[in-house]
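J.: pasting the sequence and the predicted model now:
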Amino acid sequence: MKPAHYVNGAFTTTGTAFPLFSPVDGSQVGAVPEAPRDVVDAAVRAARTALAGPWGRTSVEERCSMLRRIADGIEARFDEFVAAEVADTGKPRELAATVDIPRAIGNFRSYADLAYGRPERAYPTTVPGWSGSGQALNYTVRRPLGVVAIISPWNLPLLLLTWKVAPALAAGNAVVAKPSEETPSTATLLAAVIDEAGLPAGAFNLVHGHGANAAGEHLASHPGVDAIAFTGASATGTAIMRGAADHVTPVSFELGGKNAALVFADADLAEAVEGTVRSSFTHSGQICLCTERVYVQRSRFEEFVDALAERVRALQDYGPMISAEHRDKVLSYYRLAVEEGATVVAGGGVPSFGDERDGGFYVEPTVLTGLPQTARTVREEIFGPVCHVAPFDDEDEAVRLANDSPYGLAATVWTTDLSRAHRVAPRVEAGIVWVNCWNLRDLRTPFGGVKASGIGREGGEYSLDFFSEPVNVCVKI
Ligand code: NAD
Ligand code: 6OD
C-alpha cells in the first residue's frame with residue numbers, strides 16, 4: 001500500500017511527493033506525499049467534529065471492542081506489516097516479526113484490557129454542622145483531552161505509534177498522527193486496518209510529512225490540538241515545547257538517551273557480555289533504550305572488553321542506519337572518538353559486503369575504550385551501533401558515572417549481589433533500570449525518562465492518565 005494521508009475516514013495523497021529510499025541498498029523505493037497546511041487543518045477539524053459526533057458518544061466498552069478489532073486486523077495482515085516495516089527500516093525480518101509487529105498488536109489488546117478494567121475513585125465526605133445529612137459523595141470521572149497530536153520516530157515505527165494511539169483512543173480522544181517521514185508505510189497500513197475496524201470518520205487521522213517548518217510543526221503548534229504526545233530527539237522536544245507554550249498545550253515526551261550499563265565484578269560476566277551485545281547492538285543501536293556507555297569494575301575490565309570485542313566482531317546479521325544522513329552522523333562520531341583519543345577495539349568503519357548492501361547505509365558495530373567522561377563521544381547521543389567501555393572502582397563511583405549525563409532514560413545493572421542490585425537501582429537517575437536483563441517489557445509499567453530524556457510517563461495507567469482529565473463531581477446527599 002502506497003503512503004497516503006487518512007483524513008476524515010478517506011485516503012488522499014494531496015501534497016508534493018518526496019522520495020523514500022531503501023536503507024539496505026540506497027535505491028528509491030517509493031514516494032510520500034507531504035501534507036500541506038490545509039491537510040493538517042482538515043485532519044484537526046475532522047478530529048474535532050468526530051468528538052462532537054458518534055465517536056464522542058462511544059462507551060468505553062465500544063472503544064475497547066474497536067481496539068480489539070484493530071489488533072485482530074493487524075494480526076490478519078501480519079506478513080504485510082512485517083514486510084512494510086522491513087522495507088522502510090532495513091531491520092532484520094526476525095526483529096520486525098518478533099518485536100515490532102507483535103508489540104503493536106499487544107499495544108491495542110493491552111489498552112483494551114486496561115481501559116475496560118479501570119476503576120474510578122469515590123470519597124464519601126462528612127461535613128460536621130452541615131444542614132441536612134451533613135454528607136456528600138465525591139467521585140471522579142475521567143474525560144478525554146480532545147484532539148491529540150501524536151508524532152513518532154522512525155526506529156520502531158509501528159510499535160511507537162501504536163504505543164500512543166491505542167491509549168489515546170481507549171481514553172476517547174480523537175487522534176491526528178504524524179509518523180516519521182522516513183517510515184510512512186506501516187502507519188498507512190494501520191490507517192487501513194482502523195478504517196476496516198469501523199471507527200467513526202475523524203476518530204483517527206494520519207498525515208505524512210517532515211517535521212520542522214512542515215507537517216510536524218504545523219500539527220504540533222496547531223491551536224486546535226489539545227495535547228501532544230511525542231517520541232523523538234530531545235532537540236525536537238524543545239522545538240515542539242516552544243510551539244506548545246503558545247496554547248499551554250500539555251505534552252508527553254519520550255526523548256533521547258545516553259544509557260549506562262554498570263557491570264560489577266560479581267556479575268555473571270558471560271551473561272553481562274551477552275546482555276550488552278543485545279543492549280548496545282539490537283537494531284544497530286537505533287533504540288532509545290540502547291546502552292552507549294558501559295562501566296565495568298576495574299578487576300574485570302580487560303576480561304569484559306576482550307569478550308565483548310570478540311562477540312561484536314562476529315556480529316553479522318545486522319541492519320543499516322535509517323538514512324544516508326544518519327549514517328554520516330554516526331560515522332562523524334566514529335571519527336570524533338578517534339580525535340578525542342579513543343582506542344577502537346572493534347569496528348569503527350563501514351563494512352564491505354560485496355553485494356547490494358554496499359550501496360546501503362551500513363556502519364560497523366563498534367566498541368571504544370580510553371575516553372574521559374568529558375569526551376563528547378561519551379556525553380552525546382549517537383544512536384548507532386556503538387558503545388564506550390570505561391572502568392570504575394567502587395559502587396559510589398559507578399553510580400556517579402552513570403548519573404553524570406544530561407540524559408536519564410534507561411540503565412542496566414549487572415550483578416549477582418541482590419543487596420547491591422536493590423541499593424544501586426534507585427540511585428541511578430533514569431526512568432527505567434533493568435537488573436541482569438535489558439528491554440524486558442511489561443506494558444503496565446511506567447515508561448519514560450528524567451532530565452533531557454523526557455517529560456512524564458507512559459505505559460499502562462500512566463498513559464491513560466495522560467490522555468484523560470480527571471473531573472471531580474461532588475454531590476450533596
Ligand atoms: P526526530 O526528533 O528527528 O523526529 C521524530 C518525529 O518528530 C518525526 O516524525 C519528525 O518528522 C518530527 N519532527 C521533527 N521536527 C519537528 C518539529 N519541529 N515539530 C514537530 N515535529 C517534528 O527523531 P528521530 O530521528 O525520528 O528519532 C530518533 C530520536 O528519537 C533519538 O534521539 C531517540 O533517542 C529518540 N527516541 C526516543 C524514544 C523514547 O522512548 N524515549 C523512543 C524512540 C526514539
Ligand atoms: O517498549 C516500549 O514501550 C517503548 N516505548 C520503547 C521505546 C523504544 C525506543 O526506541
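T.: Received it, and whenever you're ready, just let me know what you need. Residues are numbered from 1 along each chain as shown. Ligands and ions are numbered 1, 2, ... in the order given.
J.: show me where the stretch 1-150 of the chain has strands.
T.: 5-7, 10-12, 17-21, 28-33, 122-126, 135-144, 147-151 (DSSP state E, counting those that start in this stretch).
J.: please read the previous query as pertaining to the stretch 151-300 of the chain.
T.: With DSSP E, counting those that start in this stretch as the criterion, the stretch 151-300 of the chain has strands at 174-178, 204-206, 227-231, 251-254, 259-263, 291-297.
J.: dump these to CSV, plus mean pLDDT and mean neighbour count.
T.: The way it works is simple: take the backbone N, C-alpha and C, and place the C-beta from them, glycine included. As requested, those are exported to CSV (pLDDT from 0 to 100; neighbours: other Cβ atoms under 10 Å):
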stretch, mean pLDDT, mean neighbour count
strand 174-178, 99, 28
strand 204-206, 99, 29
strand 227-231, 98, 25
strand 251-254, 98, 23
strand 259-263, 99, 28
strand 291-297, 99, 26
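J.: count the neighbours of Gly26 for me.
T.: Neighbours of Gly26 under the rule other Cβ atoms under 10 Å: 18.
J.: how close does it sit to ligand 1?
T.: 19 Å (Cβ to the nearest ligand atom, to the nearest Å).
J.: what's the answer for Gly349, then?
T.: 23 Å.
J.: contacting residues for that residue?
T.: Tyr334, Val363, Glu364 (Cβ atoms under 8 Å, 6 or more residues apart in numbering).
J.: quick check, nearest of these to ligand 1?
T.: Of all the contacts of Gly349, Val363 has the smallest distance to ligand 1: 15.7 Å, by Cβ to the nearest ligand atom.
J.: which strand or helix spans that closest one?
T.: Assessed by DSSP states H and E, Val363 sits outside every helix and strand.
J.: relative to ligand 2, how far out is the residue nearest to it when sequence neighbours are not counted?
T.: Among residues not flanking Val363 along the chain, Val330 sits closest, at 5.2 Å (Cβ to Cβ, 6 or more residues apart in numbering). Look at Val330 and ligand 2: by Cβ to the nearest ligand atom, they are 16 Å apart.
J.: cool, Glu34 as well?
T.: For Glu34, the distance to ligand 2 equals 25 Å [Cβ to the nearest ligand atom].
J.: swap in Glu181?
T.: 17 Å.
J.: residues from the stretch 201-350 of the chain in reach of ligand 1?
T.: Contact residues (Cβ under 6 Å from any ligand atom) of the stretch 201-350 of the chain with ligand 1: 210-212, 216-217, 220, 231-233, 236, 239-240, 254-257, 288.
J.: confirm Leu331 sits in a helix?
T.: Yes. Counting by DSSP: H, G, I helix; E, B strand; the rest coil, one finds Leu331 located in a helix.
J.: residues contacting it?
T.: Val350, Val363.
J.: still on that earlier bit, now do the residue nearest to Val363 against Leu336, distance only.
T.: 11 Å (Cβ to Cβ, to the nearest Å).
J.: circling back to that earlier point, want to try TSV for the strands of the stretch 151-300 of the chain, with distance to ligand 2 as columns?
T.: As requested, those are exported to TSV (distance: least, Cβ to the nearest ligand atom, whole Å):
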stretch	distance to ligand 2
strand 174-178	15
strand 204-206	20
strand 227-231	7
strand 251-254	6
strand 259-263	10
strand 291-297	13
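J.: Gly359 is nearest to which of the ones you listed?
T.: The closest of the strands of the stretch 151-300 of the chain to Gly359 is strand 291-297. By Cβ to Cβ, the value is 27.4 Å.
J.: and the closest one, what does it pack against?
T.: strand 259-263, helix 269-281, helix 301-313, strand 386-392, helix 395-403 (3 or more Cβ pairs under 8 Å, 6 or more residues apart in numbering; DSSP states H and E).
J.: what's the most buried one of the ones you listed?
T.: Scoring the helices and strands packed on strand 291-297 by mean neighbour count under mean count of other Cβ atoms under 10 Å gives strand 259-263 as the most buried, with a mean of 28.
J.: what strands line up against it, and which way round?
T.: strand 291-297 (parallel), strand 410-414 (parallel) (DSSP bridges).
J.: with distance to Gly448 added, can I get the ones you listed in TSV?
T.: Formatted as TSV, the strands paired with strand 259-263 follow (distance: least, Cβ to Cβ, whole Å):
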stretch	distance to Gly448
strand 291-297	18
strand 410-414	10
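J.: Gly431 and Gly449 touch, don't they?
T.: Yes. If you go by Cβ atoms under 8 Å, Gly431 and Gly449 touch, sitting 4.4 Å apart.
J.: identify the contacts common to those two.
T.: In contact with both Gly431 and Gly449: Gly408, Leu409, Ala410, using Cβ under 8 Å, 6+ apart.
J.: from the residues you listed, which are also near ligand 1?
T.: Leu409.
J.: now Val433, nearest residue through space, not along the chain?
T.: Ala425 (4.4 Å).
J.: which residues does the one you found contact?
T.: Contacts of Ala425 (Cβ under 8 Å, 6+ apart): Val413, Val433, Val435.
J.: contacts only, for the residue nearest to Ala233 when sequence neighbours are not counted.
T.: Excluding its sequence neighbours, the residue lying closest to Ala233 (Cβ to Cβ, 6+ apart) is Gly256, at 5.4 Å. For Gly256, the contact set (Cβ under 8 Å, 6+ apart) comprises Ala233, Ser234, Cys288, Glu381, Phe383, Tyr407, Leu409, Ala452, Ser453.
J.: so how far is Gly454 from Gly460?
T.: According to Cβ to Cβ, Gly460 and Gly454 sit 16 Å apart.
J.: returning to what we had before: as CSV, the contacts of Gly349 with neighbour count and pLDDT would be great.
T.: Shown next, in CSV, are the contacts of Gly349 (neighbours: other Cβ atoms under 10 Å; pLDDT from 0 to 100):
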residue, neighbour count, pLDDT
Tyr334, 22, 98
Val363, 26, 98
Glu364, 23, 98
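J.: now render those as CSV, adding distance to Asp79.
T.: Listed next are those as CSV, based on distance: Cβ to Cβ, whole Å:
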residue, distance to Asp79
Tyr334, 36
Val363, 29
Glu364, 31
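J.: from those residues, pick the one nearest ligand 2.
T.: Val363 (18.0 Å).
J.: so the closest one touches Tyr334, yeah?
T.: Yes. Here Val363 reaches Tyr334: they are 7.2 Å apart, a contact under Cβ under 8 Å.
J.: hmm, back to that, any of the contacts of Gly256 buried? List them.
T.: Buried subset of the contacts of Gly256 (neighbour count, 16 or more other Cβ atoms under 10 Å): Ala233, Ser234, Cys288, Glu381, Phe383, Tyr407, Leu409, Ala452, Ser453.
J.: among those residues, name the ones in helices.
T.: Ser234 (DSSP state H).
J.: of all the buried ones among the contacts of Gly256, which two lie farthest apart?
T.: Phe383 and Ala452 (13.8 Å).
J.: per-residue pLDDT, the residue nearest to Ala233?
T.: With respect to pLDDT, Gly256 has a value of 98.
J.: do you know how far the one residue sitting closest to the centre of the chain is from Glu80?
T.: Nearest to the mean C-alpha position of the chain, by Cα atoms, centre = their mean, lies Leu160 at 4.7 Å. According to Cβ to Cβ, Leu160 stands 19 Å off from Glu80.
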